[in-house]
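Novice: the following comprises the amino acid sequence and a computationally predicted model.
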Amino acid sequence: MEYIDRNYDLVRDRMIHQMNVSLGYGKEILDSELDAGLLNFVIKPIVTSFYKYWTDKDAKVGTIEQIRLSLDSARSIIVNGGYSEEKFNNIINEKFKFYLENDQTARQCKKNHKNYGKLEAISKQLFISQIEESLKLLNVKEDVNSYNELSRVAYKTKESAYQALKRQLDLNDDGISIVEQDDSILKVNMGKNIITSTLRKGFELTKQKLIAELDEIF
């Protein structure tokens, strides 16, 4: 099953690239937000330090681990007899705890907050969605040499790929909305409005780029 390892590498590399682009947007937006505020010189060192720690230690490391968990889970299902509902549910129940521990938003939120349970439920749906899409991509047996070729074979049409992407984007949107609606869920004490604004604007830029990339693929 060499095609599985080939597809695994193509998907992993693409997802890590997308992560780095998204984090780059975040840094640019954060700098812009901090430079715009009259009194932001007071909290700039705090927020900048938080964001650097977050991107280096939490977001980057955590997201790479989430990518690994999703792809490894999908590969395990395929090589152990293929998909079954029971096997899929067992993987989710076994691995979700580790996925949540590496969630870049959940790690910066208070577990005892009244809205944390909603955030956790969204993270679980994201994990489920990512494994489902990984199964589809890893299962491609045709001769492909790039992520774009892999996507065209797996999804067949731009609309099918868009619906898969939209599902994950909508879940990410829901997660950010929970933080926006009540930023007391954040562990950080200062600059919460700047952090939530950076999350939102960074997400919107990432969303636009991912949707635009569908035109390149299809």
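Specialist: Everything's here; your move.

Novice: and the residue nearest to residue 207 when sequence neighbours are not counted, how many neighbours?
Specialist: Excluding the flanking residues, the one nearest residue 207 by CB to CB, 6 or more residues apart in numbering is residue 169, at 5.4 Å. Bear in mind the C-beta positions are built from the backbone N, C-alpha and C, glycine included. Neighbour count for residue 169, taken as other CB atoms under 10 Å: 16.

Novice: element containing residue 169?
Specialist: Residue 169 belongs to helix 158-181 when assigned by DSSP states H and E.

Novice: got the buried residues for that helix?
Specialist: 161, 162, 164, 165, 167, 169, 171, 172, 175, 176, 178, 179 (16 or more other CB atoms under 10 Å).

Novice: what of stretch 114-134?
Specialist: 118-120, 122-124, 126-131, 133-134.

Novice: and what of stretch 64-77?
Specialist: Of all the residues in stretch 64-77, those buried under the rule 16+ other CB under 10 Å are 66, 67, 68, 69, 70, 71, 73, 74, 75, 77.

Novice: for the helix holding residue 169, what does the pLDDT average out to?
Specialist: Mean pLDDT, computed over helix 158-181, is 95.

Novice: output the contacting helices and strands for that helix.
Specialist: helix 116-138, helix 147-155, helix 192-217 (3 or more CB pairs under 8 Å, 6 or more residues apart in numbering; DSSP states H and E).

Novice: now the buried residues of helix 158-181 as TSV including distance to residue 81?
Specialist: Output for the buried residues of helix 158-181, formatted as TSV (distance: CB to CB, whole Å):
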residue	distance to residue 81
161	27
162	31
164	24
165	29
167	26
169	32
171	29
172	32
175	33
176	38
178	38
179	40
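
Novice: closest one to residue 24 out of these, please.
Specialist: residue 172 (17.0 Å; CB to CB).

Novice: how close does the closest one sit to residue 80?
Specialist: According to CB to CB, to the nearest Å, residue 172 stands 30 Å off from residue 80.

Novice: of all the buried residues of helix 158-181, which comes closest to residue 144?
Specialist: residue 161 (14.6 Å).

Novice: returning to that earlier point: so which of the buried residues of stretch 64-77 belong to helices?
Specialist: 66, 67, 68, 69, 70, 71, 73, 74, 75, 77 (DSSP state H).

Novice: surely the fourth one touches residue 103?
Specialist: No: using CB atoms under 8 Å, residue 69 makes no contact with residue 103, being 10.7 Å away.

Novice: what's the farthest-apart pair in the buried residues of stretch 114-134?
Specialist: Checking the buried residues of stretch 114-134 with CB to CB, the most distant pair is 118 and 134, at 24.8 Å.

Novice: longest single helix anywhere in the chain?
Specialist: helix 2-36.

Novice: okay, the buried residues of stretch 114-134 in a markdown table with pLDDT and distance to residue 59 next?
Specialist: As requested, the buried residues of stretch 114-134 are exported to a markdown table (pLDDT from 0 to 100; distance: CB to CB, whole Å):
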| residue | pLDDT | distance to residue 59 |
| --- | --- | --- |
| 118 | 96 | 21 |
| 119 | 94 | 15 |
| 120 | 96 | 18 |
| 122 | 96 | 17 |
| 123 | 95 | 14 |
| 124 | 97 | 19 |
| 126 | 95 | 15 |
| 127 | 96 | 17 |
| 128 | 97 | 21 |
| 129 | 96 | 19 |
| 130 | 96 | 16 |
| 131 | 97 | 21 |
| 133 | 97 | 21 |
| 134 | 97 | 20 |
